[in-house]
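Enquirer: Provide a 3D model corresponding to the input given below.
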Amino acid sequence: MINLVVDASVAAKWFLEEEYSESARKFMSDDYSLHVPDYFFIEIDNVLWKKIGGKVIKQADARNIRSVIRKIPFHNHPTSLLLDAAFELATKTGLSVYDCIYLSLAIQLETRLVTADKKLCELLKKSPVRNNILWVEDVEM
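Expert: Predicted structure coming up:
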């Protein structure tokens, strides 16, 4: 089984038909052990709130997604234990602390963060942490 950190950009695509949704769903297989900071659930709720506001989904659909996603057997890690490393990483990379929380978890676990955030991938492509990032369309087997 492959350990991966998954961010909200990928998890949202499991439930919403968007670009890269099909690719994102491959990470839901039993081949992967998925890790998230507990902040992940706040971020998912925010994504769903934006989709409701943009009339992409209905409130009832968002509630259903929230219920289902909380049943996924993620390995949940306290954000508070990642904040110092995330802050240091943010000051070195210019990325947001929010993104660096996920990235710090991947570094701590000696694995990769799978993301559908193209801008994040591009920024990290030539950085010292490039081996800790995985584009959603790439296969990690």
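Enquirer: tell me where this protein has helices.
Expert: Counting by DSSP state H, the segments of the chain that form helices are 8-15, 21-25, 39-53, 59-69, 83-93, 97-108, 118-124.
Enquirer: TSV for those, including mean pLDDT?
Expert: As requested, these are exported to TSV (pLDDT from 0 to 100):
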stretch	mean pLDDT
helix 8-15	94
helix 21-25	92
helix 39-53	94
helix 59-69	95
helix 83-93	93
helix 97-108	94
helix 118-124	85
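Enquirer: CSV for these, including mean neighbour count?
Expert: C-beta: built from backbone N, CA, C; applies to glycine. Compiled in CSV, those are given as follows (neighbours: other C-beta atoms under 10 Å):
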stretch, mean neighbour count
helix 8-15, 22
helix 21-25, 17
helix 39-53, 17
helix 59-69, 14
helix 83-93, 16
helix 97-108, 23
helix 118-124, 16
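Enquirer: would a markdown table of those helices with distance to W135 be doable?
Expert: Formatted as a markdown table, the helices of the chain follow (distance: least, C-beta to C-beta, whole Å):
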| stretch | distance to W135 |
| --- | --- |
| helix 8-15 | 10 |
| helix 21-25 | 9 |
| helix 39-53 | 19 |
| helix 59-69 | 22 |
| helix 83-93 | 17 |
| helix 97-108 | 13 |
| helix 118-124 | 5 |
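Enquirer: gap between P37 and C100?
Expert: 10 Å (C-beta to C-beta, to the nearest Å).
Enquirer: no more questions from me, cheers.
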